[in-house]
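Undergrad: turn this into a model:
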Amino acid sequence: MSRVGQKPVEIPSGVTVTVNGADVRVKGPKEELAMTMASGVSAVVDGGKLVVKVSDEEKGNLHGLTRTLIANMIEGVTKGYSKGLEIQGVGFKAAIQGQKLQMWLGFPKPVEYTIPDGIKVVVTEGTAMLVSGADKQLVGDVSARIRSYFPAEPYKGKGIRYKGEYVRRKVGKTVA
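TA: Down below sits the predicted model:
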């Protein structure tokens with residue numbers, strides 16, 4: 001049995017959690033999120049707390065995972081999640097065009113990324129981006145996809161990196 005899964009999840013005021021069989025819906029001030037639990041795992045709303053229970057001992061590893069996913073959903077609809085990205089390099093920049101993010105990364109054409117629903121991307125000063133939304137997994141996925149277009153390289157340090165990420169620099173070739 002999971003120690004994490006045994007802890008009840010506090011439901012703050014202004015958030016409604018609805019459990020219908022294996023479906024869990026969390027509605028808050030920012031957004032509404034839904035999830036389907038694995039078989040053998042159930043949830044019960046008791047007052048201002050949500051308790052996740054497991055019926056099959058083999059599903060013990062999904063017990064803590066399900067509780068954490070529901071807790072992340074509750075935090076997402078109340079506070080939200082965000083990740084910062086930085087672009088470094090001469091001529092490297094980004095801009096928002098409607099629902100698309102355009103990035104000039106030294107390629108012949110600008111790279112375009114369509115921003116999915118539920119995600120907000122803010123570009124400041126052309127080189128700093130903030131990806132935010134209520135779904136923690138989706139915020140991380142969008143940030144990783146944006147970063148994958150030109151990850152920070154170790155020789156000149158140019159590219160896209162997470163805010164505060166340290167890129168270990170390497171020494172280039174030396175001429176004899």
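Undergrad: how is this structure partitioned into domains?
TA: 3-78, 81-162 (automatic domain parsing).
Undergrad: need the three-state assignment for S39.
TA: coil (DSSP: H, G, I helix; E, B strand; the rest coil).
Undergrad: from G5, how far off is it?
TA: S39 sits 15 Å away from G5, taking CB to CB, to the nearest Å as the criterion. The C-beta positions use only the backbone N, C-alpha and C, and glycine is treated the same way.
Undergrad: which parts of the protein are helices?
TA: Along the chain, the stretches classed as helices by DSSP state H are 3-6, 60-78, 136-148.
Undergrad: any chance of those in TSV, with mean neighbour count, mean pLDDT and distance to V19 too?
TA: Formatted as TSV, the helices of the chain follow (neighbours: other CB atoms under 10 Å; pLDDT from 0 to 100; distance: least, CB to CB, whole Å):
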stretch	mean neighbour count	mean pLDDT	distance to V19
helix 3-6	14	82	15
helix 60-78	20	89	9
helix 136-148	17	95	20
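Undergrad: wait, which of these is closest to F92?
TA: Shortest distance between F92 and the helices of the chain, using CB to CB, is found for helix 136-148: 12.7 Å.
Undergrad: pretty sure S82 is touching D135, no?
TA: No: the pair S82 / D135 is not scored as a contact, 11.8 Å apart, by CB atoms under 8 Å.
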